[in-house]
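A.B. asks: The sequence and its predicted three-dimensional model are supplied below.
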Amino acid sequence: MIEILDTTLREGEQTPYVNFLLDEKIEIARLLDRIGVEMIEAGDPSVSPTVAAAVKRIADLNLNAEIVAHSLAIRGNIDRAKDCGVDRVVVFYPTSQIHLQSKMHKSQAQAIEIICEHVRYAHSLGLKVRYTPEDASRTDMDFLVQACNSAIEAGADRISFADTLGVMQPHIVYERVHYLRQHLLPCKIDLHCHDDYGLALANAMAGIRAGADCIHTTINGMGERTGIPDLCATILAFHNLEGATRYNLRALMESSAYVEKISGFFLAPNNPITGQNAFTHKSGVHTNGVLKDPRTYESFDPALIGRERKIVIDKYTGKRAVIARLAEYNIEISDEQVEEIVEEIKRVGDQRKFLFDADIIEIAENVTKQTLDVIPRDINAMVMIEVESHVYTSAVVRRLRGIKHVSNIYEITGDYDVSMFINAETTHDLNNLIEEIRTIPGVKQTETRVVLKKYPNGNGNGHVKGA
Ligand code: HCA
Ligand code: CU
């Protein structure tokens with residue numbers, strides 16, 4: 001049984017160049033509550049008045065999740081957390097030598113005094129208290145136990161084992177958490193693992209194995225530097241590999257897409273679970289397997305999170321994928337024709353960046369010597385945008401970059417300020433995308449030109465995103 005504390009609103013907003021607006025924070029909190037995370041870390045109210053306002057509004061929403069405020073070990077800051085009406089406050093204070101000496105200029109004994117005083121104070125205000133020994137993973141274990149037990153005696157019921165610099169490895173986390181479980185007074189243990197070596201989720205899973213209770217996540221793995229475990233990957237890993245099935249998987253993609261859009265912090269296509277390529281198959285061997293039985297190359301059905309598998313057609317493609325793609329357009333072909341079409345796809349695909357359905361249909365036309373009266377489902381359009389005069393064009397561009405299927409955005413001179421391409425699967429999708437673009441603050445008007453025919457150029461026709 002694991003618990004999840006999502007800290008998109010606190011750690012996530014520590015992502016370089018990311019700031020959420022108040023209403024966006026409320027929406028994130030609602031999405032997190034729909035997913036069913038146990039705790040939402042809503043922010044540190046002492047950072048700014050808007051952060052405080054967001055924490056207060058979220059605390060007032062009466063969500064199922066426990067609402068947590070983060071705070072330095074400073075009385076006034078703890079008061080501000082209390083004023084927001086949260087359930088719990090986190091008092092964080094470092095324990096490692098390097099932090100105590102170079103940053104705080106305090107001895108270990110002074111640190112313990114400060115920790116106890118502030119945990120006791122927060123507890124006396126009627127708040128539940130988590131104590132976070134910042135940089136716990138680089139702290140001498142005896143002192144860590146001493147600091148945490150002092151905090152527990154002063155009223156903390158949760159300790160966060162913070163791997164602030166992401167320097168842990170799974171087997172070491174396992175040993176440390178095991179040790180803490182043996183030496184700490186009764187408390188819950190959270191795991192706050194940074195992803196500096198790409199080990200955050202693996203470290204957190206190892207900590208749970210060793211007896212910790214809770215994993216800290218952010219939507220899309222945001223956070224200081226390289227962030228912390230991705231909420232969606234964490235939930236799916238525990239759902240599929242460890243049988244933790246109580247989270248609402250249906251809201252995951254929406255939360256990821258929403259945060260991607262409002263943050264301008266874009267997922268790599270190979271991001272686990274939510275990345276564009278997570279269920280896309282390419283090589284002939286793989287697509288052949290998947291078309292015979294998806295379980296050959298999919299460890300779970302993408303429909304579990306409302307996604308669909310995709311098969312890329314290009315020079316790596318085999319016969320089965322081509323037959324399947326043409327069958328989607330009700331085009332039937334003989335065995336010899338398939339061979340020829342695949343050969344031609346390999347030849348053309350060797351010279352081009354992307355192949356579109358239009359190209360594949362054209363190749364089929366040439367091979368079958370028939371006119372195939374079908375409309376390719378993937379549609380490319382060039383969209384021009386005029387931006388309101390009082391709005392920075394770059395602010396609009398930032399939002400546009402968050403919309404999937406948008407590529408090659410240019411700021412331009414002339415009647416319009418921005419041009420870009422969109423790639424949609426149907427005219428309906430195209431319409432929706434344009435509607436979405438029109439709702440971006442600062443967009444005055446748009447003009448859309450649908451691409452009728454594409455010609456390869458010296459760069460291999462690479463200016464529009466592939467299907
Ligand atoms: C920081 C603080 C923290 C706190 C983690 C926690 C960390 O920004 O340094 O409260 O569990 O990584 O130590 O995010
Ligand atoms: Cu952190």
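C.D. replies: In hand now; what should we look at? Ligands and ions are numbered 1, 2, ... in the order given.

A.B. asks: going forward, measure contacts and count neighbours with C-alpha atoms only.
C.D. replies: Fine.

A.B. asks: With the flanking residues excluded, which residue is spatially nearest to the closest residue to ligand 1 within the stretch 1-150 of the chain?
C.D. replies: Closest residue of the stretch 1-150 of the chain to ligand 1, CA to the nearest ligand atom: Glu134 (4.2 Å). Of all residues not flanking Glu134 in the chain, Pro94 sits nearest, at 4.1 Å (CA to CA, 6 or more residues apart in numbering).

A.B. asks: Quick check: phi and psi at the one you found.
C.D. replies: Dihedral angles of Pro94 (phi, psi; degrees, to the nearest 10) stand at phi -70, psi 160.

A.B. asks: Where does pLDDT dip in this structure?
C.D. replies: For the chain, the stretches flagged by pLDDT under 70 are 453-467.

A.B. asks: Output the set of residues of it in proximity to ligand 1.
C.D. replies: Residues of the chain lying near ligand 1 by CA under 6 Å from any ligand atom: Glu11, Thr132, Glu134, Asp135, Ser160, Ala162, Thr164, His192.

A.B. asks: quick one: the last one is in a strand?
C.D. replies: If I follow you right, that is His192. Yes - under DSSP: H, G, I helix; E, B strand; the rest coil, His192 falls within a strand.

A.B. asks: That one contacts Asp213, doesn't it?
C.D. replies: No - applying CA atoms under 8 Å, one finds His192 not in contact with Asp213, separated by 11.4 Å.

A.B. asks: Those two: who's more crowded?
C.D. replies: His192 (27 against 19; other CA atoms under 10 Å).

A.B. asks: Give the closest residue to that one in space, chain neighbours not counted.
C.D. replies: Spatial nearest neighbour of His192, chain neighbours left out: Ala162 (4.7 Å); criterion: CA to CA, 6+ apart.

A.B. asks: circling back to that earlier point, what about the residues of the chain next to ligand 1, which are in strands?
C.D. replies: Of the residues of the chain next to ligand 1, the ones assigned to strands by DSSP state E are Thr132, Glu134, Ser160, Ala162, His192.

A.B. asks: And the second one, how far from Leu72?
C.D. replies: It stands for Glu134. 11 Å (CA to CA, to the nearest Å).

A.B. asks: Now do the shared contacts for those two.
C.D. replies: Among the neighbours of Glu134, those also in contact with Leu72 (CA atoms under 8 Å, 6 or more residues apart in numbering) are Phe92, Tyr93.

A.B. asks: These two: which is more packed in?
C.D. replies: Set Glu134 next to Leu72 and count neighbours by other CA under 10 Å: Glu134 wins out with 22 against 18.

A.B. asks: ok, the more buried one - contacts?
C.D. replies: Contact partners of Glu134, counting by CA under 8 Å, 6+ apart, are Phe92, Tyr93, Pro94, Thr95, Ser96, Phe161, Ala162, Asp163, Thr164.

A.B. asks: Out of the residues you listed, who's the most crowded?
C.D. replies: Thr95 (29 neighbours).

A.B. asks: Please give me every residue in contact with that one.
C.D. replies: By CA under 8 Å, 6+ apart, the residues touching Thr95 are Gln108, Ala111, Pro133, Glu134, Asp135, Ala136, Thr139, Phe143, Leu144, Ala147.

A.B. asks: Sort out which one of those lies nearest Asp314 for me.
C.D. replies: Nearest to Asp314 among these: Asp135, at 48.3 Å, using CA to CA.

A.B. asks: so who does the residue of the stretch 51-200 of the chain found nearest ligand 1 touch?
C.D. replies: Proximity of the stretch 51-200 of the chain to ligand 1 (CA to the nearest ligand atom) peaks at Thr164, 3.8 Å away. Residues counted as contacts of Thr164 (CA under 8 Å, 6+ apart) are Glu134, Asp135, Ala136, Ser137, His192, Cys193, His194.

A.B. asks: you'd agree the second one is up against Leu100?
C.D. replies: Yep, that's Asp135 we're talking about. No - here Asp135 does not reach Leu100: they are 10.1 Å apart, not a contact under CA under 8 Å.
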